[in-house]
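Visitor: Turn this into a structure:
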Amino acid sequence: MVTESIATEPQPPVPASPGRRNLLEVVKVSKRFPVRLGPLKRGYVSAVDSLSFDVVRGSTMGIVGESGCGKSTAARLIVGLLPIDEGDIIFDGANVRAPRQLHRPGPSEKALRRNMQMVFQDPHSSLNPRASVGEIISFPMKVHGFTKEQQRERTSWLLEQVGLHANHASYYPHQMSGGQRQRVNIARALALSPQLVVCDEAVSALDKSVQAQVLNLLKGLQEELGLTFIFISHDLNVVQFMSDSVCVMYLGQAVETCGADRLYENPLHPYTRALLASTPVLGGVGVASDVPPLEGELPSPLSPPSGCRFRTRCPFVMDICAEEAPPVRQPEPGHHVACHLYAEDSPAVAPRYASGLPVIEVSR
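Guide: Residues are numbered from 1 along each chain as shown. Sure thing, here's the model as predicted:
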């Protein structure tokens, strides 16, 4: 049982420790799932392959990509819902992979879960229909030893923080709208005052007007409580609004990572450019209408293409793309891209578009 009082008022942001600017570091993390291909034959689905990125304390990292690219799997690996096959996750300077590989959570795992929480995509199926809103929000506090009085006080405060009334504690999920249910999910994620919150398509199931309310709510909570977010979405407009930096994933790998403003001003990877070109805007004109659209379907993760995984759909494919996987290069400070177009000896000439997007500069 917790003996000290549990504060229900907002707490000041946790200052960054010296030398620990990054709250989270994902280092070459991989995950494969076994599948049955026949009576005596088995294979593996490569959901995440050597994924790496850093999340600065107090910022928002956006992760974008097509359905099936591994975004949700990456989220579950980070918060510990899935075991990691390879790689490391460094949280606040400590490698958190080791305790997660245990069959039974220990004290270190329990403390870790308190600092890392998740908001799931579906606001209905992620809530227990037989539990009231108050029971749903207070359950994490019960597990961590809060007294009943502390649970009751903090639940009321959390409901007010997410734009609901304390009386909603007696409601059941089926009595609430989709937006209200997602606010309950956010309140539950904040119940233990986490440092990191992973939002997996947190607004994709909501109406546009409700999306704006929830996004503004998340940004307000981040500023008030000093939260760090990982925001996963396929909506590039939402990611641009929420994120300080962005990681673009394709078939389990990160193909481009940089600051959000820089990504939208000067996308380097052909896949990123195609994604931005497909973003719908008023008037039916995309961000870059002259960019060649993507052709074909996403390759099967059971047998990904050799070399560059994007080569089967890339309009600028070269011979080397089928032979070697492109290493991560840094054409400009803080801008990382995995593409052979940016090799110093690349024979390719970058595409030049008349749409106003900056030209990709590639050495001949």
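Visitor: got the phi/psi numbers for residue 307?
Guide: Per-residue torsions, residue 307: phi 70, psi -130 (degrees, to the nearest 10).
Visitor: Equivalent analysis for residue 238, please.
Guide: Note on residue 238: backbone dihedrals following degrees, to the nearest 10 are phi -70, psi -40.
Visitor: isn't residue 320 right up against residue 327?
Guide: No. The criterion here is Cβ atoms under 8 Å, and residue 320 misses it with residue 327 at 11.6 Å. (C-beta placed from N, C-alpha, C; glycine too.)
Visitor: So for these two, which sits in the more crowded spot?
Guide: Neighbour totals were compared for residue 320 and residue 327, and residue 320 leads with 17 against 10 (other Cβ atoms under 10 Å).
Visitor: next helix or strand past the helix or strand that that one is a member of?
Guide: In the assignment (DSSP states H and E), residue 320 maps to helix 319-323. Per DSSP H and E, helix 319-323 leads on to strand 328-332 as the next helix or strand towards the C-terminus.
Visitor: What are the buried residues along that following strand?
Guide: Judged by neighbour count (16 or more other Cβ atoms under 10 Å), strand 328-332 contains these buried residues: 328-329, 331.
Visitor: Name every strand pairing with the next helix or strand after that strand and say which way it goes.
Guide: Beyond strand 328-332 in the direction of the C-terminus, DSSP H and E gives the next helix or strand as strand 335-338. For strand 335-338, the paired strands and their directions (DSSP bridges) are strand 253-259 (antiparallel), strand 328-332 (antiparallel).
Visitor: Mind listing residues that contact strand 335-338?
Guide: Contacts with strand 335-338, where a contact means Cβ atoms under 8 Å, 6 or more residues apart in numbering, come from 253-259, 262, 266, 268-269, 308, 325-331.
Visitor: can you redo the buried residues of strand 328-332 as a markdown table with pLDDT and distance to residue 150?
Guide: Formatted as a markdown table, the entries for the buried residues of strand 328-332 read as follows, by pLDDT from 0 to 100; distance: Cβ to Cβ, whole Å:
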| residue | pLDDT | distance to residue 150 |
| --- | --- | --- |
| 328 | 92 | 47 |
| 329 | 92 | 51 |
| 331 | 89 | 52 |
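Visitor: Quick one, grab the pLDDT at residue 140.
Guide: What the model reports for residue 140 is a pLDDT of 92.
Visitor: okay but it is in contact with residue 193, surely?
Guide: No. Judged on Cβ under 8 Å, residue 140 makes no contact with residue 193 at a distance of 10.5 Å.
Visitor: Could you pull up the residues touching residue 199?
Guide: 118-119, 218, 229-232.
Visitor: right, and the helix or strand after the one helix or strand it maps to?
Guide: Secondary structure here is read from DSSP H and E; on that basis residue 199 sits in strand 196-200. Beyond strand 196-200 in the direction of the C-terminus, DSSP H and E gives the next helix or strand as helix 208-225.
Visitor: Helix 208-225 and whichever helix or strand comes after that next one, what's the angle between them?
Guide: Tracing the chain C-terminally past helix 208-225 and defining elements by DSSP H and E, one meets strand 228-232 next. What separates the directions of strand 228-232 and helix 208-225 is an angle of 160 degrees, with axes from the mean of the first three to the mean of the last three Cα atoms, to 10 degrees.
Visitor: and strand 228-232, which strands flank it?
Guide: The sheet places strand 228-232 alongside strand 60-64 (parallel), strand 196-200 (parallel), with pairing taken from DSSP bridges.
Visitor: mind listing what the residue nearest to the spatial centre of the chain touches?
Guide: Geometric centre of the chain, nearest residue: residue 232, 3.5 Å, by Cα atoms, centre = their mean. Contacts were defined as Cβ under 8 Å, 6+ apart; by that measure residue 232 touches 62-64, 71-72, 74-75, 198-201.
Visitor: Packing partners of the helix holding residue 320?
Guide: On a contact count with 3 or more Cβ pairs under 8 Å, 6 or more residues apart in numbering; DSSP states H and E, helix 319-323 meets no helix or strand.
Visitor: thinking again about what came up before, so among the contacts of strand 335-338, which ones count as buried?
Guide: Here, 16+ other Cβ under 10 Å leaves 253-258, 262, 266, 268-269, 308, 326, 328-329, 331 buried among the contacts of strand 335-338.
Visitor: among those residues, which two are most distant?
Guide: The distance between the two most remote of these (Cβ to Cβ) is 22.4 Å, for 262 and 308.
Visitor: Where does the prediction get shaky in the chain?
Guide: Counting by pLDDT under 70, the chain contains low-confidence residues at 1-20, 98-108, 280-293, 345-364.
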